[in-house]
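*Asks:* Sequence first, then the predicted structure:
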Amino acid sequence: MRWYGFGFNAFGQIVVHEKLKKGELRDVVQEVKVISPTELASCCSKTHQIRASWSQRASLHLDGDSCVCIVGFGAETRTFVNQIRGCTDFCLSESRLILALPDRIESWDLQKENASPWISERKTECLGPPLNLPLVPGGYLAAKPPLYRVLPPHLTAKSLALSAEHAVLLSASGAVYTWGIGSHGQLGHGGLTPEEEPRAVEALWGMPMSRVATGGWHSVCISDGGDLYVWGWNESGQLGLPSRGLRKASQKQCSQQAGPPSKDTSACPAENPQEAESPDEVFISIQAFPALLDITPSCEIRTVSCGSRHTAAVTTTGDLYTWGWGDYGQLGHQTLISTDEPLRVEFFREQQLRVVDVVCGAWNTFVDVVKEEIT
(Lines give C-alpha, C1' and ligand atoms only; values in the text may rest on other atoms or scores of the structure.)
Protein backbone atom coordinates (compact mmCIF):
# COMPACT_ATOMS: atom_id res chain seq x y z
CA MET A 1 0.00 0.00 0.00
CA ARG A 2 1.16 3.49 -0.89
CA TRP A 3 -0.36 6.52 0.79
CA TYR A 4 -0.47 10.08 -0.53
CA GLY A 5 -1.48 13.25 1.29
CA PHE A 6 -2.39 16.81 0.32
CA GLY A 7 -3.78 19.92 2.02
CA PHE A 8 -3.11 21.39 5.48
CA ASN A 9 0.44 20.66 6.65
CA ALA A 10 1.20 23.27 9.32
CA PHE A 11 2.38 20.61 11.77
CA GLY A 12 4.10 18.30 9.29
CA GLN A 13 1.19 15.86 9.07
CA ILE A 14 1.92 15.20 5.40
CA VAL A 15 5.58 16.02 4.89
CA VAL A 16 8.15 17.53 7.24
CA HIS A 17 10.06 20.25 5.44
CA GLU A 18 13.62 21.03 6.44
CA LYS A 19 12.54 24.45 7.67
CA LEU A 20 10.01 22.84 9.98
CA LYS A 21 12.69 20.54 11.40
CA LYS A 22 14.94 23.50 12.12
CA GLY A 23 12.13 25.65 13.50
CA GLU A 24 12.39 28.17 10.67
CA LEU A 25 8.97 29.21 9.37
CA ARG A 26 9.80 32.15 7.13
CA ASP A 27 7.99 30.84 4.04
CA VAL A 28 4.84 29.77 5.83
CA VAL A 29 2.72 29.05 2.75
CA GLN A 30 5.15 26.44 1.42
CA GLU A 31 5.08 24.49 4.66
CA VAL A 32 1.39 24.92 5.47
CA LYS A 33 -0.15 24.04 2.09
CA VAL A 34 0.70 20.85 0.19
CA ILE A 35 -1.08 21.44 -3.10
CA SER A 36 0.13 18.43 -5.09
CA PRO A 37 -0.53 14.86 -3.87
CA THR A 38 2.67 13.80 -2.10
CA GLU A 39 3.67 10.26 -1.15
CA LEU A 40 3.98 9.82 2.60
CA ALA A 41 7.20 8.66 4.20
CA SER A 42 6.73 5.65 6.49
CA CYS A 43 8.20 5.76 10.00
CA CYS A 44 8.09 1.97 10.36
CA SER A 45 7.00 -0.82 8.03
CA LYS A 46 4.29 -0.74 5.40
CA THR A 47 1.34 1.49 6.33
CA HIS A 48 -1.87 -0.49 6.70
CA GLN A 49 -4.29 2.32 7.58
CA ILE A 50 -4.35 6.03 8.39
CA ARG A 51 -6.49 8.22 10.62
CA ALA A 52 -6.29 12.01 10.80
CA SER A 53 -7.39 14.85 13.05
CA TRP A 54 -6.90 18.58 12.51
CA SER A 55 -3.25 18.69 13.62
CA GLN A 56 -2.11 15.05 13.59
CA ARG A 57 -1.91 11.90 11.47
CA ALA A 58 -1.75 8.38 12.85
CA SER A 59 -0.52 5.39 10.83
CA LEU A 60 -1.11 1.74 11.68
CA HIS A 61 1.72 -0.66 10.73
CA LEU A 62 1.05 -4.39 10.99
CA ASP A 63 4.26 -5.89 9.58
CA GLY A 64 6.71 -7.20 12.18
CA ASP A 65 6.18 -5.44 15.51
CA SER A 66 2.78 -3.81 15.13
CA CYS A 67 2.81 -0.12 15.95
CA VAL A 68 0.92 3.12 15.57
CA CYS A 69 2.98 6.18 14.62
CA ILE A 70 1.65 9.69 15.19
CA VAL A 71 3.07 12.74 13.44
CA GLY A 72 2.01 16.35 13.72
CA PHE A 73 1.40 18.75 16.58
CA GLY A 74 3.13 17.86 19.82
CA ALA A 75 5.46 15.20 18.41
CA GLU A 76 7.70 14.80 15.39
CA THR A 77 7.01 11.07 15.56
CA ARG A 78 5.36 9.42 18.54
CA THR A 79 5.23 5.63 18.40
CA PHE A 80 3.08 3.18 20.33
CA VAL A 81 5.00 -0.11 20.02
CA ASN A 82 4.69 -3.69 21.32
CA GLN A 83 1.47 -2.95 23.22
CA ILE A 84 -0.68 -3.34 20.11
CA ARG A 85 -0.02 -6.80 18.70
CA GLY A 86 -3.20 -7.91 17.00
CA CYS A 87 -4.56 -4.37 16.66
CA THR A 88 -7.56 -4.48 14.31
CA ASP A 89 -8.72 -0.87 14.30
CA PHE A 90 -7.91 2.56 15.70
CA CYS A 91 -9.36 6.07 16.00
CA LEU A 92 -7.70 9.46 16.32
CA SER A 93 -9.00 12.78 17.63
CA GLU A 94 -7.16 15.91 18.73
CA SER A 95 -7.00 14.59 22.28
CA ARG A 96 -7.23 10.79 22.16
CA LEU A 97 -5.98 7.67 20.37
CA ILE A 98 -8.23 4.60 20.62
CA LEU A 99 -6.90 1.11 19.86
CA ALA A 100 -8.93 -2.05 19.33
CA LEU A 101 -6.96 -5.09 20.53
CA PRO A 102 -8.06 -8.74 20.64
CA ASP A 103 -8.86 -8.69 24.36
CA ARG A 104 -9.34 -5.02 25.20
CA ILE A 105 -9.96 -1.46 24.04
CA GLU A 106 -7.40 1.20 24.98
CA SER A 107 -8.00 4.95 24.94
CA TRP A 108 -4.84 7.06 25.27
CA ASP A 109 -4.82 10.71 26.32
CA LEU A 110 -2.48 12.35 23.81
CA GLN A 111 -2.27 15.56 25.81
CA LYS A 112 -0.59 13.87 28.78
CA GLU A 113 2.86 12.36 28.50
CA ASN A 114 3.47 8.95 30.10
CA ALA A 115 -0.21 8.66 31.02
CA SER A 116 -1.75 5.21 31.40
CA PRO A 117 -4.55 4.42 28.97
CA TRP A 118 -8.21 4.02 29.80
CA ILE A 119 -8.82 0.28 29.26
CA SER A 120 -11.99 -1.69 28.68
CA GLU A 121 -11.55 -5.45 28.93
CA ARG A 122 -13.52 -7.48 26.41
CA LYS A 123 -15.63 -10.14 28.07
CA THR A 124 -15.49 -13.62 26.57
CA GLU A 125 -19.19 -13.57 25.71
CA CYS A 126 -18.68 -10.31 23.78
CA LEU A 127 -15.88 -11.67 21.63
CA GLY A 128 -17.82 -11.91 18.38
CA PRO A 129 -17.16 -10.23 15.05
CA PRO A 130 -15.04 -7.14 15.73
CA LEU A 131 -16.89 -3.82 15.80
CA ASN A 132 -15.66 -0.82 13.87
CA LEU A 133 -14.38 1.87 16.22
CA PRO A 134 -15.57 4.01 17.86
CA LEU A 135 -18.22 1.31 18.41
CA VAL A 136 -17.67 -1.04 21.34
CA PRO A 137 -20.03 -3.63 22.85
CA GLY A 138 -23.11 -1.83 24.14
CA GLY A 139 -22.11 1.65 23.01
CA TYR A 140 -19.25 3.76 21.71
CA LEU A 141 -16.17 5.67 22.83
CA ALA A 142 -16.11 9.46 22.64
CA ALA A 143 -13.17 11.83 22.53
CA LYS A 144 -14.36 13.70 25.63
CA PRO A 145 -15.64 12.45 29.01
CA PRO A 146 -17.67 10.46 29.57
CA LEU A 147 -15.50 8.30 27.33
CA TYR A 148 -17.94 5.38 27.24
CA ARG A 149 -21.47 6.17 26.08
CA VAL A 150 -24.35 3.74 25.89
CA LEU A 151 -26.44 3.15 22.75
CA PRO A 152 -30.09 2.07 22.90
CA PRO A 153 -30.22 -1.74 23.09
CA HIS A 154 -32.57 -2.03 20.09
CA LEU A 155 -29.90 -0.57 17.79
CA THR A 156 -27.60 -3.16 16.23
CA ALA A 157 -24.87 -0.84 15.01
CA LYS A 158 -22.59 -1.64 12.08
CA SER A 159 -20.57 1.60 12.00
CA LEU A 160 -20.57 5.04 13.57
CA ALA A 161 -19.21 8.37 12.33
CA LEU A 162 -18.62 11.13 14.88
CA SER A 163 -18.08 14.85 14.35
CA ALA A 164 -17.55 17.44 17.05
CA GLU A 165 -21.28 18.19 17.16
CA HIS A 166 -23.25 15.26 15.72
CA ALA A 167 -23.19 11.52 15.07
CA VAL A 168 -24.33 9.29 12.20
CA LEU A 169 -24.93 5.60 12.88
CA LEU A 170 -25.39 2.82 10.33
CA SER A 171 -27.39 -0.14 11.61
CA ALA A 172 -26.85 -3.76 10.62
CA SER A 173 -30.01 -3.55 8.48
CA GLY A 174 -28.68 -0.53 6.56
CA ALA A 175 -30.79 2.12 8.29
CA VAL A 176 -29.25 5.49 9.20
CA TYR A 177 -29.70 7.18 12.58
CA THR A 178 -28.45 10.63 13.62
CA TRP A 179 -28.31 12.71 16.79
CA GLY A 180 -26.57 15.77 18.23
CA ILE A 181 -26.67 19.40 17.15
CA GLY A 182 -28.70 20.02 13.99
CA SER A 183 -28.25 23.77 13.44
CA HIS A 184 -26.97 23.26 9.87
CA GLY A 185 -29.33 20.48 8.84
CA GLN A 186 -26.64 17.86 9.44
CA LEU A 187 -29.06 15.43 11.09
CA GLY A 188 -31.18 15.05 7.94
CA HIS A 189 -34.59 15.23 9.65
CA GLY A 190 -35.78 18.30 7.75
CA GLY A 191 -35.25 20.78 10.58
CA LEU A 192 -32.47 22.54 12.47
CA THR A 193 -33.28 21.29 15.96
CA PRO A 194 -31.01 19.02 18.03
CA GLU A 195 -31.71 15.38 18.86
CA GLU A 196 -30.57 13.89 22.17
CA GLU A 197 -31.16 10.27 21.15
CA PRO A 198 -30.52 8.40 17.87
CA ARG A 199 -33.36 9.06 15.44
CA ALA A 200 -33.90 7.28 12.14
CA VAL A 201 -33.45 9.41 9.01
CA GLU A 202 -36.89 8.74 7.56
CA ALA A 203 -36.05 10.05 4.09
CA LEU A 204 -33.67 7.10 3.66
CA TRP A 205 -36.02 4.49 5.11
CA GLY A 206 -36.29 1.42 2.90
CA MET A 207 -33.01 2.15 1.09
CA PRO A 208 -30.23 0.08 2.69
CA MET A 209 -26.98 2.00 3.13
CA SER A 210 -23.47 0.56 3.25
CA ARG A 211 -21.34 3.45 4.58
CA VAL A 212 -21.72 6.72 6.50
CA ALA A 213 -19.40 9.66 7.09
CA THR A 214 -19.53 13.07 8.79
CA GLY A 215 -17.87 16.40 8.21
CA GLY A 216 -17.87 19.40 10.49
CA TRP A 217 -21.51 20.24 9.72
CA HIS A 218 -22.52 17.83 6.96
CA SER A 219 -23.23 14.13 6.55
CA VAL A 220 -23.06 11.62 3.71
CA CYS A 221 -23.91 7.98 3.11
CA ILE A 222 -23.58 5.40 0.34
CA SER A 223 -26.39 3.09 -0.69
CA ASP A 224 -25.93 -0.61 -1.41
CA GLY A 225 -26.12 0.32 -5.08
CA GLY A 226 -23.31 2.86 -4.91
CA ASP A 227 -25.42 6.04 -4.84
CA LEU A 228 -24.25 8.95 -2.69
CA TYR A 229 -26.64 10.90 -0.46
CA VAL A 230 -25.66 14.22 1.16
CA TRP A 231 -27.19 16.64 3.66
CA GLY A 232 -26.27 19.48 5.99
CA TRP A 233 -24.30 22.69 5.45
CA ASN A 234 -23.22 23.61 1.92
CA GLU A 235 -21.53 26.98 2.48
CA SER A 236 -18.30 25.80 0.83
CA GLY A 237 -19.91 23.43 -1.66
CA GLN A 238 -19.11 20.42 0.54
CA LEU A 239 -22.37 18.74 -0.46
CA GLY A 240 -21.60 19.05 -4.17
CA LEU A 241 -24.72 21.20 -4.59
CA PRO A 242 -24.83 24.78 -5.98
CA SER A 243 -23.39 27.16 -3.38
CA ARG A 244 -24.11 30.90 -3.39
CA GLY A 245 -21.14 31.41 -1.07
CA LEU A 246 -18.76 30.00 -3.67
CA ARG A 247 -20.41 32.02 -6.44
CA LYS A 248 -19.91 35.24 -4.50
CA ALA A 249 -16.32 34.34 -3.65
CA SER A 250 -15.62 33.60 -7.33
CA GLN A 251 -17.12 36.94 -8.39
CA LYS A 252 -15.07 38.80 -5.77
CA GLN A 253 -11.87 37.13 -6.93
CA CYS A 254 -12.74 37.85 -10.55
CA SER A 255 -13.42 41.50 -9.73
CA GLN A 256 -10.06 41.85 -7.95
CA GLN A 257 -8.19 40.27 -10.84
CA ALA A 258 -9.98 42.46 -13.37
CA GLY A 259 -8.78 45.68 -11.73
CA PRO A 260 -10.34 49.01 -12.77
CA PRO A 261 -13.62 48.87 -14.76
CA SER A 262 -13.08 48.08 -18.42
CA LYS A 263 -15.23 47.84 -21.51
CA ASP A 264 -13.95 44.28 -21.97
CA THR A 265 -16.11 42.13 -19.70
CA SER A 266 -15.09 38.78 -21.12
CA ALA A 267 -12.78 38.04 -18.19
CA CYS A 268 -15.54 38.46 -15.62
CA PRO A 269 -19.08 37.37 -16.54
CA ALA A 270 -20.78 39.86 -14.24
CA GLU A 271 -19.65 42.51 -11.82
CA ASN A 272 -23.07 42.63 -10.17
CA PRO A 273 -23.96 39.44 -8.28
CA GLN A 274 -27.65 39.95 -9.07
CA GLU A 275 -26.84 40.10 -12.78
CA ALA A 276 -24.76 36.93 -12.52
CA GLU A 277 -27.60 34.85 -11.13
CA SER A 278 -30.28 33.58 -13.45
CA PRO A 279 -33.82 33.60 -12.06
CA ASP A 280 -33.86 29.84 -12.64
CA GLU A 281 -30.70 29.20 -10.61
CA VAL A 282 -31.15 27.50 -7.26
CA PHE A 283 -28.49 27.80 -4.55
CA ILE A 284 -28.46 25.62 -1.47
CA SER A 285 -26.99 26.85 1.81
CA ILE A 286 -28.53 24.18 4.05
CA GLN A 287 -29.87 20.84 2.82
CA ALA A 288 -31.93 19.56 5.74
CA PHE A 289 -33.04 16.34 3.99
CA PRO A 290 -30.76 13.79 2.27
CA ALA A 291 -30.29 14.57 -1.42
CA LEU A 292 -29.05 12.19 -4.10
CA LEU A 293 -25.82 13.59 -5.56
CA ASP A 294 -25.22 13.08 -9.26
CA ILE A 295 -21.58 12.71 -10.27
CA THR A 296 -20.67 13.15 -13.93
CA PRO A 297 -19.87 10.84 -15.63
CA SER A 298 -22.19 8.40 -13.89
CA CYS A 299 -20.34 6.09 -11.47
CA GLU A 300 -20.78 3.93 -8.40
CA ILE A 301 -19.23 5.09 -5.12
CA ARG A 302 -17.35 2.54 -3.03
CA THR A 303 -16.18 4.63 -0.06
CA VAL A 304 -16.39 8.24 1.14
CA SER A 305 -14.78 10.49 3.75
CA CYS A 306 -15.44 14.04 4.93
CA GLY A 307 -13.22 16.83 6.13
CA SER A 308 -14.48 19.84 8.00
CA ARG A 309 -15.84 21.43 4.82
CA HIS A 310 -14.82 19.11 1.99
CA THR A 311 -15.76 15.65 0.78
CA ALA A 312 -13.83 12.91 -1.04
CA ALA A 313 -15.27 9.78 -2.65
CA VAL A 314 -13.70 6.75 -4.32
CA THR A 315 -15.50 5.00 -7.18
CA THR A 316 -15.64 1.26 -7.81
CA THR A 317 -13.26 1.83 -10.74
CA GLY A 318 -10.59 3.44 -8.52
CA ASP A 319 -11.10 7.12 -9.32
CA LEU A 320 -11.05 9.83 -6.63
CA TYR A 321 -13.55 12.70 -6.71
CA THR A 322 -13.36 15.68 -4.36
CA TRP A 323 -15.37 18.85 -3.77
CA GLY A 324 -15.93 21.62 -1.22
CA TRP A 325 -13.46 23.94 0.50
CA GLY A 326 -10.02 23.88 -1.10
CA ASP A 327 -8.06 26.77 0.44
CA TYR A 328 -5.25 24.45 1.59
CA GLY A 329 -5.12 22.28 -1.51
CA GLN A 330 -7.08 19.50 0.21
CA LEU A 331 -9.05 18.71 -2.96
CA GLY A 332 -5.95 17.43 -4.74
CA HIS A 333 -6.48 19.40 -7.96
CA GLN A 334 -3.13 21.17 -7.48
CA THR A 335 -4.89 24.51 -6.92
CA LEU A 336 -6.32 26.38 -3.94
CA ILE A 337 -9.76 26.68 -5.54
CA SER A 338 -12.96 25.54 -3.83
CA THR A 339 -15.71 23.91 -5.89
CA ASP A 340 -19.32 22.79 -5.44
CA GLU A 341 -18.97 20.29 -8.29
CA PRO A 342 -17.47 16.81 -7.73
CA LEU A 343 -14.28 16.73 -9.82
CA ARG A 344 -12.00 13.80 -10.54
CA VAL A 345 -8.46 14.12 -9.20
CA GLU A 346 -6.48 13.61 -12.39
CA PHE A 347 -3.11 13.20 -10.67
CA PHE A 348 -3.67 9.55 -9.85
CA ARG A 349 -4.85 8.67 -13.35
CA GLU A 350 -1.83 10.40 -14.82
CA GLN A 351 0.42 8.36 -12.51
CA GLN A 352 -1.45 5.14 -13.41
CA LEU A 353 -2.51 4.70 -9.79
CA ARG A 354 -5.83 3.23 -8.68
CA VAL A 355 -7.33 4.68 -5.50
CA VAL A 356 -8.62 2.09 -3.02
CA ASP A 357 -9.32 4.21 0.07
CA VAL A 358 -9.55 7.82 1.23
CA VAL A 359 -9.32 9.36 4.71
CA CYS A 360 -9.98 13.05 5.31
CA GLY A 361 -8.53 15.11 8.10
CA ALA A 362 -10.28 18.36 8.94
CA TRP A 363 -8.35 20.33 6.30
CA ASN A 364 -6.39 17.65 4.44
CA THR A 365 -6.85 14.37 2.57
CA PHE A 366 -5.00 11.04 2.58
CA VAL A 367 -5.33 8.47 -0.19
CA ASP A 368 -4.36 4.79 -0.41
CA VAL A 369 -3.37 3.70 -3.91
CA VAL A 370 -2.10 0.69 -5.82
CA LYS A 371 -0.36 0.58 -9.16
CA GLU A 372 -2.79 0.18 -12.02
CA GLU A 373 -2.29 -3.08 -13.84
CA ILE A 374 -1.97 -2.51 -17.58
CA THR A 375 -3.33 -5.36 -19.68
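*Replies:* It's in. Numbering: from 1, shown residues only.

*Asks:* Doesn't Gln251 lie inside a strand?
*Replies:* No: counting by DSSP: H, G, I helix; E, B strand; the rest coil, Gln251 is not part of a strand but helix.

*Asks:* tell me the contacts of Leu320?
*Replies:* Contacts of Leu320 were listed using Cβ atoms under 8 Å, 6 or more residues apart in numbering, and they are Ala312, Ala313, Val314, Gly332, Arg344, Val345, Phe348, Val355, Val358, Val367. Backbone N, C-alpha and C define where each C-beta goes, glycine included.

*Asks:* Which residues are in contact with the fifth one?
*Replies:* Arg344 sits next to Asp319, Leu320, Tyr321 when contact means Cβ under 8 Å, 6+ apart.

*Asks:* How confident was the prediction at the last one?
*Replies:* Residue-level confidence at Tyr321 comes out at 98, pLDDT.

*Asks:* ok, the contacts of Leu320 vs Val16, which is closest?
*Replies:* Taking Cβ to Cβ as the measure, Val16 lies nearest Val367 of those, at 19.0 Å.

*Asks:* how about JSON lines for the contacts of Leu320, with pLDDT, distance to Ile295 and secondary structure added?
*Replies:* Converted to JSON lines, the contacts of Leu320 look like this (pLDDT from 0 to 100; distance: Cβ to Cβ, whole Å; DSSP: H, G, I helix; E, B strand; the rest coil):
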{"residue": "Ala312", "pLDDT": "98", "distance to Ile295": "12", "secondary structure": "strand"}
{"residue": "Ala313", "pLDDT": "98", "distance to Ile295": "8", "secondary structure": "strand"}
{"residue": "Val314", "pLDDT": "98", "distance to Ile295": "12", "secondary structure": "strand"}
{"residue": "Gly332", "pLDDT": "98", "distance to Ile295": "16", "secondary structure": "coil"}
{"residue": "Arg344", "pLDDT": "98", "distance to Ile295": "9", "secondary structure": "strand"}
{"residue": "Val345", "pLDDT": "98", "distance to Ile295": "13", "secondary structure": "coil"}
{"residue": "Phe348", "pLDDT": "97", "distance to Ile295": "16", "secondary structure": "helix"}
{"residue": "Val355", "pLDDT": "98", "distance to Ile295": "14", "secondary structure": "strand"}
{"residue": "Val358", "pLDDT": "98", "distance to Ile295": "14", "secondary structure": "strand"}
{"residue": "Val367", "pLDDT": "98", "distance to Ile295": "17", "secondary structure": "strand"}
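
*Asks:* show me where pLDDT drops low in the protein?
*Replies:* For the chain, applying pLDDT under 70 flags the ranges 17-30, 43-45, 64-65, 75-77, 80-84, 122-130, 253-280, 374-375.

*Asks:* Mind putting the contacts of Arg344 into TSV with secondary structure and distance to His61?
*Replies:* Shown next, in TSV, are the contacts of Arg344 (DSSP: H, G, I helix; E, B strand; the rest coil; distance: Cβ to Cβ, whole Å):
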residue	secondary structure	distance to His61
Asp319	coil	27
Leu320	strand	23
Tyr321	strand	29
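
*Asks:* didn't Glu281 look like it was pressed against Pro242?
*Replies:* Yes: using Cβ atoms under 8 Å, Glu281 is in contact with Pro242, at 7.0 Å.

*Asks:* And those two? Which one has more around it.
*Replies:* A count of neighbours by other Cβ atoms under 10 Å puts Pro242 above the other of Glu281 and Pro242, at 16 against 10.

*Asks:* wait, is that one part of a helix?
*Replies:* No: according to three-state DSSP, the state of Pro242 is coil, so it is not within a helix.

*Asks:* contacting residues around it?
*Replies:* Listed by Cβ under 8 Å, 6+ apart, the contact partners of Pro242 are Glu281, Val282, Phe283, Ile284, Asp340.

*Asks:* Mind checking which of these are buried?
*Replies:* Ile284, Asp340 (16 or more other Cβ atoms under 10 Å).

*Asks:* Closest one of the contacts of Pro242 to Arg302?
*Replies:* Ranked by distance to Arg302 (Cβ to Cβ), these are led by Asp340 at 22.4 Å.

*Asks:* Neighbours of the nearest residue to Leu40 once chain neighbours are set aside, how many?
*Replies:* The spatial neighbour of Leu40 that comes closest, neighbours along the chain excluded (Cβ to Cβ, 6 or more residues apart in numbering), is Trp3 at 4.6 Å. Neighbour count for Trp3, taken as other Cβ under 10 Å: 23.
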